[in-house]
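Q: would you be able to build a 3D model of this:
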Amino acid sequence: MTSEACRLSVIGTGYLGATHAICMAAVGHQVIAVDVDAAKIDALRAGRVPFFEPGLADLLAEVVATGRLTFGTDLAEAAREADVHFLCVGTPQSSTSNAADLTFVHAAIAELAPQLRPGALVVGKSTVPLGTAAELESMITAAAPGTATELAWNPEFLREGFAVADTLRPDRLVFGVASPRAETILRAVYAPITDVAEVPVVVTDRATAELVKVAANSFLATKISFINAMAEICEQSGADVMKLTQALSHDSRIGGRFLRPGLGFGGGCLPKDIRAFRHRATELGCGESVEFLHQVDEINQRCRTRTVELVRSLVGTLDGARVAALGAAFKPDSDDIRDAPALAVASALAAGGARVRVYDPAAMDNARRSYPDLRYARSAVEAIHGADVLVVLTEWQQFVQLDPAAVARMVRRCNVVDARHALDADRWRAAGWTYAGLGTAAPVTTAPAQRERALADLVS
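A: Okay, here's the model as predicted:
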């Protein structure tokens, strides 16, 4: 298929929408991105991405200069200008239940549908409960009868920190369609990507396409919680969770990705998606089939409590203990603090009486807005200075690369809790640190004389 430019709109300029709009313009399409939030649109027009994502700001500057990407707040303009409309609005967890809140989805369709051009294709990318596509198609048909408009579903599989690569070089594309015409249109949209790389394309019905996303996230969440359940057993039995993980990862049926013990998952997707999936499955009468996801969620939440208790075990009492909390974002290379385990732990430590200082390379502004009662440092060094314990909560490379000998000269006591298993434990122990991580046996405090000898050896 020859790649030809398409006229697209992207509705919603949050993380998913902004990334999709920028990348679609980068591959040659004419794109208009629309949002009701004028501040987001103004920022994007000025070349500022309103969140942290490596490489995206540079790509935005490139495509804006070509004239292929424009921004607005008027859905009527998008309806006039585009033939294919990508729905990328948020589906947060409901404030009253675990269900997905479809308020933004319904509002966008209600405004867009009456203004669609004949033959337009609306493509859902938001993560939604099973049956949403059928519901939205009914809304479109009622608002624009006889216009031959269609609805397809094309779920996103973005990883924060890798969103540009995941859009331009996806490991698969899923097209949930109800007609050959919708499939043809989607193939044309993605032709600039599939023409230059072998990307598996799965063509299916819309319900299956909706299910693919939540099934994938549920599987990943289960894998993370599984290894953290094994970590709990290792703590009590004296087994080595890192060696266990290494052995399991060599099994080709299991693999090593997402099989890392630690503080668990957070962010705006996995936690809410598994809860919404359980809620929807219950509505469909098959809640027992995914009841295990309740345990997955509980194990994940327990990691946070266990981290707090591990800090307490090192310092004796939290009251007055000086804690350097290294990390706030839910993962590195992101400023996303939604359901961030790092901030949940920092808050719990502060509530227990600890004097916590938080530092994160990208998420400080977001953290301050959502957790104003915490103390924040201007740098990792400031957070570390005079601490009784370091707690690595987000595995940013600058934390992984810390020199334990140099850091030892900044602190009051050489205790480190590696909640992400990101550090070289042997190196830190050799530098005289008492090292602890989830899934390790109770740490043995390094004798002062041994610590001084280790420090002297390293410094020399």
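Q: longest helix of this protein, counting residues only.
A: For the chain, the helix that runs over the most residues, judged by DSSP state H, is helix 206-237.
Q: elements contacting it?
A: If contacts are counted by 3 or more C-beta pairs under 8 Å, 6 or more residues apart in numbering; DSSP states H and E, helix 206-237 sits against helix 132-143, strand 150-153, strand 173-176, helix 241-249, helix 270-283, helix 292-315. Just so you know, the C-beta spots here come from the backbone N, C-alpha and C atoms, and that holds for glycine as well.
Q: could I get the average pLDDT for the last one?
A: With pLDDT averaged residue by residue, helix 292-315 scores 97.
Q: in what helix or strand does residue 122 lie?
A: strand 121-124 (DSSP states H and E).
Q: so which bits of that strand are buried?
A: Buried positions in strand 121-124, judged by neighbour count with 16 or more other C-beta atoms under 10 Å: 121, 122, 123, 124.
Q: roughly how far apart are the third one and residue 178?
A: Counting by C-beta to C-beta, to the nearest Å, the gap from residue 123 to residue 178 is 12 Å.
Q: overlap in contacts, those two.
A: 151, 152 (C-beta atoms under 8 Å, 6 or more residues apart in numbering).
Q: would you map the strands across the chain?
A: 7-11, 30-34, 69-72, 84-87, 121-124, 150-153, 173-176, 201-204, 322-326, 355-359, 375-376, 389-392, 415-418, 434-436 (DSSP state E).
Q: ok, the fourth one: who's next to it in the sheet?
A: Translated: strand 84-87. For strand 84-87, the pairing partners within the sheet under DSSP bridges are strand 7-11 (parallel), strand 121-124 (parallel).
Q: need the ones you listed in CSV (columns: distance to residue 221 and mean pLDDT).
A: What follows is these, written out as CSV (distance: least, C-beta to C-beta, whole Å; pLDDT from 0 to 100):
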stretch, distance to residue 221, mean pLDDT
strand 7-11, 27, 98
strand 121-124, 22, 98
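Q: and the ones you listed as JSON lines, adding distance to residue 338?
A: Putting those into JSON lines (distance: least, C-beta to C-beta, whole Å) gives the following:
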{"stretch": "strand 7-11", "distance to residue 338": "21"}
{"stretch": "strand 121-124", "distance to residue 338": "21"}
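Q: ok, residue 117 - contacts?
A: Counting by C-beta under 8 Å, 6+ apart, residue 117 has contacts 79, 80, 83, 147.
Q: the last one: neighbour count?
A: Taking other C-beta atoms under 10 Å as the criterion, the count of residues near residue 147 is 16.
Q: same question for the first one.
A: Neighbouring residues of residue 79 were enumerated by other C-beta under 10 Å; the total is 21.
Q: go ahead and confirm it touches residue 111.
A: No. At 9.0 Å, residue 79 does not count as touching residue 111 under the criterion of C-beta atoms under 8 Å.
Q: now residue 332. Nearest residue, chain neighbours left out?
A: Using C-beta to C-beta, 6 or more residues apart in numbering and skipping the chain neighbours, the partner closest in space to residue 332 is residue 396 (4.6 Å).
Q: contacts only, for the one you found.
A: Applying C-beta under 8 Å, 6+ apart to residue 396 gives the contacts 326, 327, 332, 333, 360, 361.
Q: can you check the pLDDT for it?
A: Reading off the confidence values, residue 396 has pLDDT 98.
Q: got it, and residue 148?
A: Note for residue 148: predicted pLDDT of 82.
Q: the one 10 residues further on too?
A: Residue 158 carries a pLDDT value of 96.
Q: tell me how many other residues surround the closest residue to residue 88 other than its chain neighbours.
A: The shortest distance from residue 88 to any non-neighbouring residue, by C-beta to C-beta, 6+ apart, is to residue 17 (3.4 Å). Residues near residue 17, counting by other C-beta under 10 Å, number 24.
Q: same question, residue 255
A: The burial metric for residue 255, expressed as a neighbour count using other C-beta under 10 Å, is 12.
Q: ok, now which ones touch it?
A: By C-beta under 8 Å, 6+ apart, the contact list for residue 255 reads residue 249.
Q: now do it against residue 245, distance only.
A: Applying C-beta to C-beta, the value for residue 255 to residue 245 is 11 Å.
Q: any low-confidence regions in this structure?
A: Counting by pLDDT under 70, the chain has low-confidence residues at 1-3, 441-460.
Q: one more pass at 50, please.
A: For the chain, residues meeting the criterion pLDDT under 50 lie at 1-2, 444-460.
Q: ok so, going back, what separation do you get for the residue nearest to residue 88 and residue 104?
A: To residue 104, residue 17 is 11 Å away according to C-beta to C-beta.
Q: mutual contacts of these two, please.
A: Taking C-beta under 8 Å, 6+ apart as the contact criterion, the residues that touch both residue 17 and residue 104 are residue 89.
Q: run a quick neighbour tally on the nearest residue to residue 250 once chain neighbours are set aside.
A: Closest residue to residue 250 apart from its sequence neighbours, by C-beta to C-beta, 6+ apart: residue 256 at 8.0 Å. Other residues within reach of residue 256, judged by other C-beta under 10 Å, total 12.
Q: need the contact list for residue 256.
A: Contact analysis of residue 256 by C-beta under 8 Å, 6+ apart lists 245, 248, 249, 250.
Q: among these, which one has the most neighbours?
A: Neighbour counts for these (other C-beta under 10 Å) peak at residue 245, which has 20 neighbours.
Q: contact partners for that one?
A: Applying C-beta under 8 Å, 6+ apart to residue 245 gives the contacts 227, 256, 259, 260, 261.
Q: widest-spaced pair of these?
A: Considering C-beta to C-beta, no two members of the contacts of residue 245 lie farther apart than 256 and 261, which are separated by 11.9 Å.
Q: ok, so what distance separates residue 402 from residue 416?
A: For residue 402, the distance to residue 416 under the criterion C-beta to C-beta works out to 9 Å.
Q: overlap of the contact sets of the two?
A: For the pair residue 402 and residue 416, residues contacting each of them under the criterion C-beta under 8 Å, 6+ apart are residue 423.
Q: these two - which one has more neighbours?
A: Using other C-beta under 10 Å, the more surrounded residue of residue 402 and residue 416 is residue 416, with 30 against 18.
Q: contact partners for the more buried one?
A: If you count contacts by C-beta under 8 Å, 6+ apart, then residue 416 has 389, 390, 391, 392, 404, 423, 428, 433, 434, 435, 436 around it.
Q: what of residue 57?
A: When contacts are counted by C-beta under 8 Å, 6+ apart, residue 57 is found next to 47, 48, 49.
Q: let's go with 7 Å and repeat that
A: Residue 57 makes contact with residue 49, according to C-beta atoms under 7 Å, 6 or more residues apart in numbering.
Q: measure it to residue 102 for me?
A: Computed with C-beta to C-beta, the distance linking residue 57 and residue 102 is 31 Å.
Q: with residue 207 instead?
A: Residue 207 sits 16 Å away from residue 102, taking C-beta to C-beta as the criterion.
Q: give me the more crowded residue out of these two.
A: residue 102 (20 against 15).
Q: how many neighbouring residues does the nearest residue in space to the more buried one that is not next to it in sequence have?
A: Closest residue to residue 102 in three dimensions, ignoring its sequence neighbours and counting by C-beta to C-beta, 6+ apart: residue 91, at 6.2 Å. Each residue near residue 91 was counted by other C-beta under 10 Å, and the total is 21.
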